[in-house]
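>>> test case, fold it:
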Amino acid sequence: MAVVPEIAGLKVMVIDDSNTIRRSAEIFLTQAGCKVILAEDGFDALAKITDHEPDIIFCDILMPRLDGYQTCALIKKNAKFQAIPVIMLSSKDGLFDKARGRLVGSDEYLTKPFTKDSLLATVRGHARAA
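Numbers count the residues shown, from 1 in each chain. Down below sits the predicted model:
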């Protein structure tokens, strides 16, 4: 369970209504040395973004109340947070879903279930870009 130097200390927010997905991401990211902020849905996330100012955000698409597309659009419309990379999470791997994610400003698309390696590789890619 080695800390990954290039991403250690990064604040990563995971927005997902699935407790299993949130916990898996939290374990993988914590082992790599990241600070993890968890949110159950878009409203919960929007309240926490201001307090924690994450470096990277993973956002599920299918959530109750405020879906991932709406959440991403709201984050990207805020001048203070628009530079934060938002990675859409979905069990769907369709072209339409990826295109719609791009339209609302997402930076990348990660299909669930993700592996530890794919999650950390995505974080590393955006950590270098930041």
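>>> next, count neighbours for residue 125.
15 (other C-beta atoms under 10 Å). Quick note: C-beta positions are derived from backbone N, CA and C, even for glycine.
>>> give the helix, strand or coil label for it.
helix (DSSP: H, G, I helix; E, B strand; the rest coil).
>>> and it, how far is that from residue 66?
26 Å (C-beta to C-beta, to the nearest Å).
>>> how about residue 26?
21 Å.
>>> at which residues are the strands of the protein located?
11-15, 35-39, 56-60, 86-90, 108-111 (DSSP state E).
>>> give me the buried positions along the second one.
The neighbour-count criterion (16 or more other C-beta atoms under 10 Å) identifies 36-39 as the buried residues of strand 35-39.
>>> mind putting those residues in JSON lines, pLDDT included?
Shown next, in JSON lines, are the buried residues of strand 35-39 (pLDDT from 0 to 100):
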{"residue": "36", "pLDDT": "98"}
{"residue": "37", "pLDDT": "98"}
{"residue": "38", "pLDDT": "98"}
{"residue": "39", "pLDDT": "98"}
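>>> nearest to residue 117 among these?
Here the nearest of the buried residues of strand 35-39 to residue 117, counting by C-beta to C-beta, is residue 36; it sits at 17.4 Å.
>>> ok, the closest one touching residue 29?
Yes - if you go by C-beta atoms under 8 Å, residue 36 and residue 29 touch, sitting 5.0 Å apart.
>>> give the residues shared as contacts by those two.
Residues touching both residue 36 and residue 29 (C-beta atoms under 8 Å, 6 or more residues apart in numbering) are 12, 14.
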